[in-house]
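Enquirer: Kindly generate the corresponding structure for this input.
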Amino acid sequence: MIAARHKEREYFATSPEYSHLSSKMGSEYLAKLLSKHLESVIRVKIPSITSLINKAIEELESEMDHLGRPIGVDAGAQLYTILELCRAFEKIFKEHLDGGRPGGDRIYGVFDNQLPTALKKLPFDRHLSLQNVRKVVSEADGYQPHLIAPEQGYRRLIEGALNYFRGPAEASVDAVHLVLKELVRKSIGETQELNRFPTLQSDLAASCYQSLERFREDGKKTAIRLVDMEASYLTVEFFRNLPQEVEKGSNTAVPTVDRYTEGHFRRIASNVSSYIGMVSETLRLSVPKAAVHCQVREAKRSLLSLFYSQVGRKEAKQLALLLDEDPALMERRVQCAKRLELYKSARDEIDAVSWAR
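Expert: Here you go, the predicted structure:
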């Protein structure tokens, strides 16, 4: 090829017919013309080419963000990756509880609807029926109205009624527990970074559920303790004021009450019912506080404490198992990285040529 072009140049330079046009003849001259034309066309197209390359780079970077960055091979990098993923999950979970995302409001539904409804459905009418009141009072060990504290009949009726509050208190704690479990499951699904690691998702969920079980046990103990506190100490002032309430509006002395008449038992049932209503209102406000303090508050503060302690004891191989990925996903990431590198290199070269000119 070099020899042919050399002969071509020699021919046009020595030929009488073309010697005066030798500088504008031959394949070399034609190549220069075509090169200049191509260069002008490319120069016009450079902005659109650059725009196309930048768009491809943005798409590849977006896909790389979706696929996730490559994971380090050493244990420190793997542990750091796991902790970062846990922080992303915890952020979403707290947003559900604090109102940034939907779902946490269901906890208020437990306290505003479920608990009051359960309290209203308690069978106090049967417990305070005339027949049961007569039976309990008659079987009580003595009847001593001179005592400041409620007599034995009152105490037995009240303690028996207060036992009914255990069910709604435990049910409220269980309902909050179910809401928190659902929020954990939902938050894991909404944490895009976790989608790459099914094993980590499974272990994280299991650890969170284990922590929530512990919070539920604490919540139940506290709620039942509140009920037992009401049964252990009866509000004396309430019963001290009952005679004044009975005599209110009467200017005459109240005759001696026959303790075995139907009206007497009805008045006992009414007094106990009023006291139970007061306790019910107290528990309606205090049981939610116990659930929030022992469950919701602890879930926000230390939901992942158990998981962190478990991860901290794992070896490098165990950490790698938590961060296992789909091989197809890993191959896709490698291909995207290669294409991204090529596009960035092309963009840099075009920019260098553009600035040079």
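
Enquirer: Could you say which helix or strand holds residue 122?
Expert: For residue 122, there is no host helix or strand (DSSP states H and E).

Enquirer: what phi and what psi does the backbone show at it?
Expert: Phi and psi for residue 122, reported as degrees, to the nearest 10, are phi -60, psi 140.

Enquirer: any idea of the pLDDT on it?
Expert: For residue 122, the model assigns a pLDDT of 93.

Enquirer: Now for it: which residues touch it?
Expert: 164, 165, 167, 168, 280 (CB atoms under 8 Å, 6 or more residues apart in numbering). Placement of C-beta: from N, CA and C, glycine included.

Enquirer: Narrow the residues you listed to those in helices?
Expert: 167, 168, 280 (DSSP state H).

Enquirer: Looking at the residues you listed, which is nearest residue 63?
Expert: Ranked by distance to residue 63 (CB to CB), the ones in helices among the contacts of residue 122 are led by residue 168 at 52.1 Å.

Enquirer: And for the spatially closest residue to that closest one that is not a sequence neighbour, the neighbour number?
Expert: Computed as CB to CB, 6 or more residues apart in numbering, the closest residue to residue 168 that is not its neighbour in sequence is residue 118, at 3.9 Å. Per other CB atoms under 10 Å, the neighbour tally for residue 118 reads 19.

Enquirer: Kindly indicate the member of the contacts of residue 122 with the most neighbours.
Expert: With neighbours defined as other CB under 10 Å, the most crowded of those is residue 165; it has 26 neighbours.

Enquirer: Next one, pLDDT for it please.
Expert: Predicted confidence (pLDDT) for residue 165: 95.

Enquirer: just checking, it touches residue 282?
Expert: No: contact between residue 165 and residue 282 fails when scored by CB atoms under 8 Å: they sit 10.0 Å apart.

Enquirer: any shared contact partners between those two?
Expert: residue 230.

Enquirer: Need the contacts of residue 122 in CSV (columns: distance to residue 100).
Expert: Listed next are the contacts of residue 122 as CSV, based on distance: CB to CB, whole Å:
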residue, distance to residue 100
164, 38
165, 34
167, 34
168, 30
280, 34
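
Enquirer: what sits against residue 269?
Expert: Residue 269 is in contact with 128, 129, 130, 133, 157, counting by CB under 8 Å, 6+ apart.

Enquirer: Near the third one, how many other residues are there?
Expert: To tie it back to what came earlier, the one meant is residue 130. Here the number of neighbours of residue 130 (other CB under 10 Å) works out to 12.

Enquirer: again, but for the one 10 residues further on
Expert: Look at residue 140: counted by other CB under 10 Å, it has 16 neighbours.

Enquirer: hang on, it packs against residue 152?
Expert: Yes: counting by CB under 8 Å, residue 152 is a contact partner of residue 140 at 4.0 Å.

Enquirer: picking up where we left off before, just the buried ones from the contacts of residue 269, in PyMOL syntax?
Expert: This is the PyMOL syntax for the buried subset of the contacts of residue 269, where burial follows 16 or more other CB atoms under 10 Å:
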select buried, resi 128+133+157
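
Enquirer: centroid residue for this protein?
Expert: Closest to where the C-alpha atoms of the chain average out (CA atoms, centre = their mean) is residue 93, at 2.1 Å.

Enquirer: State the distance from that one to residue 197.
Expert: Distance of residue 93 to residue 197, given as CB to CB, to the nearest Å: 17 Å.

Enquirer: which residues in the stretch 251-357 of the chain form helices?
Expert: Using DSSP state H, counting those that start in this stretch, the helices of the stretch 251-357 of the chain run over 262-291, 297-302, 305-312, 316-322, 327-356.

Enquirer: and the fourth one, what does it pack onto?
Expert: Pointing back at helix 316-322 there. Contacts defined by 3 or more CB pairs under 8 Å, 6 or more residues apart in numbering; DSSP states H and E place helix 316-322 against helix 75-98, helix 198-232.

Enquirer: Pipe those into a markdown table and attach mean pLDDT and distance to residue 178 per row.
Expert: What follows is the helices and strands packed on helix 316-322, written out as a markdown table (pLDDT from 0 to 100; distance: least, CB to CB, whole Å):
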| stretch | mean pLDDT | distance to residue 178 |
| --- | --- | --- |
| helix 75-98 | 91 | 14 |
| helix 198-232 | 94 | 10 |
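
Enquirer: Same list, these, but as CSV with distance to residue 267 please.
Expert: Shown next, in CSV, are the helices and strands packed on helix 316-322 (distance: least, CB to CB, whole Å):
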stretch, distance to residue 267
helix 75-98, 48
helix 198-232, 22
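
Enquirer: How about the contacts made by residue 218?
Expert: Residues in contact with residue 218 (CB under 8 Å, 6+ apart) are 294, 295, 298.
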